[in-house]
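*Asks:* Pasting a predicted model and its sequence here:
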Amino acid sequence: MTDAELVKKMLRAVLQPSKSGVPLSRLQAQYKEVTGELIPFKQMGHPTLDALLQSMPHVVQLERSRGGEVLCFATGVGEMAHVAKLVARQRTAKKTGRPQLVNCQMRVKPVAPLMLNGKLSLQSHSSSYSLSDKRMTLPSRFQKEVHAHLSRNTQQTTNPNESTPLGKPKASNTGYNPQLVQSRLKEVLNKHSHGFWVSKLPQLYRELYKQELPNEALKDLEQWTHLCTVEKPCSSNPMELLLYPAKDLSHPCSPSTVITPKQEMQSPVLHKPHKPKTAIPSPPDSPSSLSPELKHKLGELLLKYSSGLWAHALPKLYQDTYKAKLPEHVLENLSLLSDICTVDYPMPDNPKRAILYMRAGEDENCNPAPFRDLQARAEAGKRLSSQLVPPLLIPSEEYPSVLVVEAASTDSVILRYIGEGYSKAQEKMEDEMREFYRQDNTRHVLSSPAAGQLAAVHAEEEEEILRAQVCEVMTDKSKVKVYYVDHGFSEIISKSKLLELHERFFKLPFQATKCKLAGLGPFCQEAAVLKMFESMASGKIMLAELVQREEIPVVVLYDTSQDDDVNINAACMKALHDKSLESPLQVNSVYMNVSVTSVRSDGTFYCQLPSRGLAKLNEILEKTDSYFHTQVTSELLVSRPFCGKNCLARYKGKWSRVAITNLHGSRVLDILFVDLGVQASVEVFELREIPSSFLRDLLTIPPQAVKCCLADLAVNVGSWTPDAVQWLRDTVLHCTDCSIKVAQLDEGKSMVHVSLFTSNSFHDSGHSVNQQLIESDLWKHQADVYLSSGHSPSKNSASTLSAPTQSQNITGSPARNGGRISQAKRSNLHPGTKGPQPDTPKAIFQVPPLLELPPAGHNMDIYVSLACHPGHFVIQPWQDMYKLVVLMGEMILYYNKTEEKPITVEKNQVYAAKVENNWHRVLVKGILTNGFVSIYELDYGRHELVSSTRLRPLIQEFRQLPFQGITAQLAGVKPRQWTEEASIVFRNHVEKKPLVAQLESVQEAFHPWDRKVTVYLVDTSQEEKDIWVHDLMAEFAEELTKSA
């Protein structure tokens, strides 16, 4: 099969499941999701993807929807009908998520569910999974028992400490005795007084009473306020509720269940209450309670960090916010905080590491915040007549696609959601309206329209019938002004075009809705901002990141149509820049008193030039620093981080401007010091909002860091050895009197080619840093950068910054593969940073304890992180998944703050490796001669190829949690050579999804990564029935056999 034929075949497999078409803007994403590669249109001789598709009308048909979106449809081909039949059962036309969009090159493309963009973003069963991934989100616990529909050996013993084997519901569920259940629930709550997830209740009930919890009891929990309190944590999943013993009845507000629209599941990593295995005793001399004032202040801090706050961060945060020392007994006895927060111990072996979560609050009317939002949305859906239109619910996915209509303000952007239940439902309704009113529209004329009344409007140019609301009856009685409630614009039309809106067309919510652009509130009416937004976003389909789910959601918009994603919010903010404050640069000009602030591993560097902008910036930052020293408030803590947000962080003890570049969950994030060019990874509590009195002044000053490179020296992968980079850092970072001569301005790459001098002797080019490096042995050997066999570690002379270190700029590049380093030298390679110290090389051979598995025949909740075909996929136990995310966050903070030092890499040994923007625990599978190594991610099961410079010793602290990736094969099917079509169907059913696994057998091995299990997989996401994956694959194999 030629490459062209394979591309056509895969295109059919992608397009045929979607009867309503695949948006052209998403085709690349869905194709890569299926095949792992982009559509190679350039290699096939076409300048654009559109040109390729136009050249194969027998495969794909392009049509434009009424909303202006180009849709791709599969051309009917008989030979693929059987594939379409099966694939259509498990795919929807809508595939959302940052990593799959924009040529599948979203901001971050982690391979694991951690901030995959971010986010890694797991979605609920009803929608497809997708990643980057700047923020990390995970699926909910599995709540219902799986119904067996396959005849197999069910003679299994039941262990009350394990999941119940898959089977039919027990008869005990049919007789519901509320009084009995309430008495038993009271016992369960007494045993778990710190609270637990409602989704955990059926398992606890089963373990204690050997019976199934009636489903009716779960529905009645919110009514039993005398017995328990149901609270909604910060997660957006309506099914993730917390259950506590009833509060004091004297409390003025009775607890009530929080009702929210179905939303995308957020990560339980920082929301999962977890009772520690061992209680931490309170010192005898510790106070038995906290003062009301102290509780109030701690509550204010926790309220700012709804996704959780590490307990160890409290003292410094308390000191910075309230200019007072936190009493020591608070951390020594965290149980004192039990009435204002829940305490989670994600690392049971380290009871000093705890995460605090604020308990859900209520307003004065006892309505939880999400419930108030629902009420507001319901009110917005009413109209003047007796008919009601349901409110438009925000899509469940975290990154929905939207069509931007217009914006009179960045706080009032009109948009429409794209996809099933939204734009597709609207098109279906309008088709029905056209047929309905075509029959005899004279009977439906609206003779006396009134302001606020809903009507159907006949649009003659396209013979469409659209829903509209009458805004005004004009003085000319023959005309009215209407607002098209599904399209988001107004128009003055003839009254004769108004028709009565039949009640059947009231069922769909109004599709035109509003949103606010995150971070632009104070400048929502700025002409420059609105002009930029109009040119970049209006009339286009964008990806929306939902920062806050409110009545009017707060979003970040991304244009994913180019090779690099464009943050629309950040681009609009740049429109405020005063260009007269930029650093002046002209070719052949010389600039003195230059300060080099950062050197990257590819030889590029950032510097500051004396300018009006820099002088003004330093003046304002000094005032800001003084302001922070005098203010006692928690209002400036950053509680809603998002990519592109401008805020402040400390650098060398002083506050500096930063932009958030990436989110690793909700606690750890990457930032860029925009005036220094320094990258860092920090915890969210280290950030501060820009005070309102300085906001405009700071945001109008352009970034003062100028990106430069040395003229006549290559800047590409492999050109700079670690020794050359280290020499450049040692030479220029501490020089206070540098000067540069501009040789070239590369506006396309926003980079300046310069000759750099460490003094004012710029008249003699022989004294330039460029010439010194060219003449040195470091640069003479650069041609052998990939093949050098000997490499001695650089002297540890680069300074370690007191704030985020210079090493945080290093992204890693292919370097000379280090030769053997003596035992004495190896011990000097580890940075002397605060925190856990690396172990000796001998300790690298130690591995975490083996992951415990249930006995054969029992169930376990799992997440499929990787799926190749039924004979090979990787599962993760759901129970410890949140611990893995916490671990990876700790690895990011630790390794990103350590100096990059070469190490001797050995095959079949375990290390920490930086893959994309995350640090993973990996096994080295092979060492290549070009400085790269082949690694296997032990927690996610993926194989990657990375530079050896991205490897670090895996320290003891990160070797406590068992490796979470378990290699598996599907039970119930015969081993075979699986076809591409079968692999696609299997992957689309299981990969990146939470499932229930029934363990059939375990194949033990000497190393934990060689262990393999055989499991049945069951998808329990559907309400009516469960999908046994091996049945599906058997049916698919039968279909293939019949069609052969």
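*Replies:* Yep, it's here.

*Asks:* Regarding the protein, what is its longest helix?
*Replies:* Using DSSP state H to define each element, the chain has its longest helix at helix 612-630.

*Asks:* and it, how far out from the chain's middle?
*Replies:* 33 Å (Cα atoms, centre = their mean, to the nearest Å).

*Asks:* go on, stretch 485-502?
*Replies:* Worked out by Cα atoms, centre = their mean, stretch 485-502 lies 40 Å from the chain centre.

*Asks:* Could you give the average pLDDT over stretch 598-605?
*Replies:* Mean per-residue pLDDT for stretch 598-605: 87.

*Asks:* er, stretch 505-521 actually
*Replies:* 93.

*Asks:* what about that stretch, how long is it end to end?
*Replies:* 36 Å (Cα to Cα, to the nearest Å).

*Asks:* Now do the buried residues in that stretch.
*Replies:* Neighbour counts over stretch 505-521 (16 or more other Cβ atoms under 10 Å) mark 505-506, 508-520 as buried. Quick note: C-beta positions are derived from backbone N, CA and C, even for glycine.

*Asks:* which outside residues touch the longest helix of the chain?
*Replies:* 320, 578, 580-583, 608, 636, 648, 654-657, 675, 688, 690-691, 693-694, 697-698, 701-702, 704 (Cβ atoms under 8 Å, 6 or more residues apart in numbering).

*Asks:* export that helix as PDB, just CAs?
*Replies:* The C-alpha trace of helix 612-630 is given here as PDB (Å, rounded to 0.1, in the frame of the first residue of the first chain):
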ATOM      1  CA  ARG A 612      13.100  55.400  28.900                       C
ATOM      2  CA  GLY A 613      11.000  52.300  29.200                       C
ATOM      3  CA  LEU A 614      13.500  50.500  31.500                       C
ATOM      4  CA  ALA A 615      13.900  53.600  33.700                       C
ATOM      5  CA  LYS A 616      10.100  54.000  34.000                       C
ATOM      6  CA  LEU A 617       9.700  50.300  34.700                       C
ATOM      7  CA  ASN A 618      12.200  50.300  37.500                       C
ATOM      8  CA  GLU A 619      10.600  53.400  39.100                       C
ATOM      9  CA  ILE A 620       7.100  51.800  39.100                       C
ATOM     10  CA  LEU A 621       8.400  48.400  40.400                       C
ATOM     11  CA  GLU A 622      10.100  50.200  43.300                       C
ATOM     12  CA  LYS A 623       6.700  51.900  44.200                       C
ATOM     13  CA  THR A 624       5.000  48.500  43.800                       C
ATOM     14  CA  ASP A 625       7.500  46.900  46.200                       C
ATOM     15  CA  SER A 626       6.800  49.600  48.800                       C
ATOM     16  CA  TYR A 627       3.100  49.200  48.300                       C
ATOM     17  CA  PHE A 628       3.300  45.400  49.100                       C
ATOM     18  CA  HIS A 629       5.300  46.200  52.200                       C
ATOM     19  CA  THR A 630       2.500  48.400  53.600                       C
END
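
*Asks:* buried sites along that helix?
*Replies:* Here helix 612-630 shows 613-614, 616-617, 620-621, 624, 628 as buried, counting by 16+ other Cβ under 10 Å.

*Asks:* How are the strands of the stretch 601-750 of the chain distributed by residue range?
*Replies:* 605-608, 646-651, 654-664, 668-673, 678-683, 706-710, 738-746 (DSSP state E, counting those that start in this stretch).

*Asks:* closest one to Phe873 among these?
*Replies:* Closest to Phe873 of these is strand 654-664 (Cβ to Cβ; 25.3 Å).

*Asks:* Who are the packing partners of that closest one?
*Replies:* helix 612-630, strand 646-651, strand 668-673, helix 881-895 (3 or more Cβ pairs under 8 Å, 6 or more residues apart in numbering; DSSP states H and E).
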